[in-house]
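>>> Coordinates for the following, if possible.
(chains A and B)
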Amino acid sequence: MMNKVLLPTLRNAFAWILSATMFIPLLLVAVNSLKTKAEANGMNMSLPKSFQWSNYSIVIEEGKLIQSFFNSLLYATGATIGSILLASLAAYVFSRNRTRLNKAMYFYLIMGIAMPTNFVTLMKVMQWTHLVNTQTGIILMLAASSIPFSVFLIYGFVGSVPRELDEAGIVDGCSPIRLFLSVVIPLLTPVLVTVAILNFMGSWSDFIHPLYFLNNSDKWPMTLAVYNFFGRFQVNWNLVSADIVLTTLPVIVIYLLGQKFIISGMTAGSVKG
Amino acid sequence: MNRAIYPFYFGIATLVVYSIFFVVPGLMGIYYSFTDWNSYSDEIRFIGFDNLAKIFSGEAKYLSYIENTLVFTVSTVVLKTALGLLFAIMLNDGIRAKGLHRVMLFMPSIVPMLVVGLIFKSILNPASGLLNESLRAIGLDFMAQKWLTDLNWAFKSIIAVDIWKGVGYIMIILLAGLQSIDKTYYEAAAIDGANFWQKLTRITIPLIVPALVVTTVLNLLHGLKVFEAVYVLTNGGPGYATDVMYTAIFKEFSTGNYGMGTALSSVLFVVMTVLGYFVVRLMSREGDER
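Predicted coordinates:
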């Protein structure tokens, strides 16, 4: 009966080792962001002699981070609101009224979960629409790329909302728009929160769209700014670490606050865009 | 009645935005694959199959992009699934502080890939990186490698970093699958004298096939679209050894070879759209409640 004692201990030890493996690289950056340049040279886990909070103010100034932070916030918020609005409208009508055409359209929309973006020709589209190197352009591209998965998640949820409420609304004289905004949207809140968090985090982390389409550093989001900062200050790992912390902190905070929604959205919804 | 309450025009804006910024570039790409479109001349000439012939002729580096992408995809699919399943089985029961572990294991998947790349650029640094330092500290000097610049290790390192980031996510999906299995199956099997291996292959795996399908699809789509991991860690180096489709497309794009870039992109587009057709059929079947 050794197994009864040994096995659980082993399992728990394993769990801690695994968690540590996942956490140490992140902790490493946090620790080094508070060291002096010489201390951070080795990038190891030893604690700093004194906390160099000034690293953060240097990074914020040198890396133009205030501007980039608000750019990221604008792109992520804009893309999130846009994609939620567009996705919920489409998911709602296509799920409620399952005609052949609507089913085909739903299929067409969620095909985007698998389709890769052709950034080269997307550039041509951006030129035609005069959106190249604009903030609106980035927001639209980010919103468009999160539509497929958002539609998929919301469509599934709409199916579980009873139709009787729609009918009650109609009897009370709601117009379709009114019905959607004041009856259906409130009922969709749980899935919309999940989709909003996922899309916000996805847009915040996006690197490839601005890399292709923004050449003006005033419009760069945090990800592009931190990459560029790394290029300029490669030897100053303390500063690079501070920049990494500032870029990652918002997603970590959102993750810790909205953990339940995120994990349920990413696992129950099962396929990520 | 339905048409009046749920008017089609609700979905039009969505279809337009999605089509213009997502589908149209993909379809246009197929046309431009047959041209010599580039940044040096305004004239775009039709050159037939020249680009595609170049990609598949096997002389230049192009085939290696495809090969690398496939190697990356297959290895991450297999390893993330195997490790994810192993971890999930280990953590399935008898774990204290479950919530904490779940938060930790999931955390790398929400950190931007770009940031993960930068962190591991430091950790894998041959002279001062945490990995080699730790290996030296415990006397395993011979195992210290030039992880990102050695031809034998660079691609493996990229794969390892991607697994580090993604395995927790896969594990959590599989864990949810494991927890839905009725415990009485295992009790019955134990009475019949089944060993661990028999329980795994006869009960666990058959019952979590749906979860395994999901994780495989996720990893497959993720692997084929890999970009940041390679771009940040090695930028395709040494030479072209670690270039994948998306980094190669970016290089063609930045050097102005738009025709070639779009041809490469279209190869990916066609493959993934065909693949996507089956994936989406699978998904929409599951989603049909009524």
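
>>> so where's the chain uncertain?
Looking at chain A here, since you left the chain open. For chain A, residues meeting the criterion pLDDT under 70 lie at A:1-4, A:266-273.

>>> nope, chain B please
For chain B, applying pLDDT under 70 flags the ranges B:1, B:3, B:285-290.

>>> so what's whichever residue of it sits closest to chain A up against?
Nearest residue of chain B to chain A, counting by C-beta to the nearest C-beta: B:G276, 2.5 Å away. All C-beta atoms are positioned from the backbone trio N, CA, C, and that covers glycine. Shown in contact with B:G276 (C-beta atoms under 8 Å, 6 or more residues apart in numbering or on different chains): A:111, A:113-115, B:221.

>>> Which members of the residues you listed occur in helices, if any?
B:L221 (DSSP state H).

>>> Out of the contacts of B:G276, who's the most crowded?
With neighbours taken as other C-beta atoms under 10 Å in any protein chain shown, the top of these is A:A114, carrying 25 neighbours.

>>> Pull up the gap between that residue and B:L220, please.
9 Å (C-beta to C-beta, to the nearest Å).

>>> Quickly list what's touching both of these two.
Counting by C-beta under 8 Å, 6+ apart, the residues touching both A:A114 and B:L220 are B:L275.

>>> Which positions in stretch A:84-101 come out as buried?
For stretch A:84-101, a neighbour-count test (16 or more other C-beta atoms under 10 Å in any protein chain shown) marks A:84-98 as buried.

>>> how far is it from where the chain is centred?
Remark: stretch A:84-101 is offset 23 Å from the chain centroid, using C-alpha atoms, centre = their mean, to the nearest Å.

>>> Contacts for it, please.
If you take C-beta under 8 Å, 6+ apart as the criterion, stretch A:84-101 is touched by A:102-103, A:105-106, A:109, A:143, A:146-147, A:150-151, A:154-155, A:158-159, A:163, A:166, A:180, A:184-185, A:188, A:192, A:195-196, A:199, B:2-3, B:5-8, B:10-11, B:13-15, B:17-18.

>>> Which members of those occur in helices, if any?
Cross-referencing these against helices under DSSP H gives A:102-103, A:105-106, A:109, A:143, A:146-147, A:150-151, A:154-155, A:158, A:166, A:185, A:192, A:195-196, A:199, B:2-3, B:5, B:13-15, B:17-18.

>>> Make a PyMOL selection of the buried ones in the residues you listed.
One line in PyMOL is enough to select the buried ones among these; burial here means 16+ other C-beta under 10 Å:
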select buried, (chain A and resi 102+105+106+109+143+146+147+150+151+154+155+158+166+185+192+195+196+199) or (chain B and resi 5+14+15+17+18)
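
>>> Who are the contact partners of the closest residue to chain B within chain A?
At 2.5 Å from chain B, A:A114 is the closest residue in chain A, using C-beta to the nearest C-beta. A:A114 makes contact with B:221, B:272-273, B:275-277, B:279-280 under the criterion C-beta under 8 Å, 6+ apart.

>>> residues near A:A76, how many?
If you count neighbours by other C-beta under 10 Å, A:A76 ends up with 25.

>>> Which helix or strand contains it?
Following DSSP states H and E, the helix or strand that holds A:A76 is helix A:65-96.

>>> ok, now how distant is A:L28 from B:M272?
On the measure of C-beta to C-beta, A:L28 and B:M272 end up 35 Å apart.

>>> should've said A:T248
A:T248 is 29 Å from B:M272, by C-beta to C-beta.

>>> Check the offset of the helix or strand where B:V274 lies from the chain's centre.
Using DSSP H and E, B:V274 sits in helix B:258-286. Its chain's C-alpha centre and that of helix B:258-286 lie 14 Å apart, by C-alpha atoms, centre = their mean.

>>> got it, and stretch B:107-117?
Relative to its chain's centre, stretch B:107-117 lies at 14 Å (C-alpha atoms, centre = their mean).

>>> Also stretch B:248-259?
22 Å.

>>> Name the residues that touch it?
Counting by C-beta under 8 Å, 6+ apart, A:119-120, A:123, A:211-212, B:32-33, B:35-40, B:44, B:47, B:51, B:61-62, B:65, B:227, B:231, B:236, B:243, B:260-261, B:264-265, B:268 sit against stretch B:248-259.

>>> A:N41 is in contact with A:W237, correct?
Yes. A:W237 is within contact range of A:N41, at 6.8 Å (criterion: C-beta atoms under 8 Å).

>>> More neighbours: which of those two?
Between A:W237 and A:N41, counted using other C-beta under 10 Å, A:W237 has the larger neighbour count: 26 against 16.

>>> Could I get the contacting residues of the more buried one?
By C-beta under 8 Å, 6+ apart, the contact set of A:W237 is A:32, A:37, A:40-41, A:43, B:122.

>>> repeat that with 10 Å
A:29, A:32-33, A:35, A:37, A:39-43, A:230, A:244, B:118, B:121-122, B:125, B:128 (C-beta atoms under 10 Å, 6 or more residues apart in numbering or on different chains).

>>> what's the answer for B:F34, then?
B:F34 sits next to B:45-52, B:259, B:262-263, B:266 when contact means C-beta under 10 Å, 6+ apart.

>>> which of these has the most neighbours?
Highest neighbour count within those: B:T262, with 33 neighbours (other C-beta under 10 Å).
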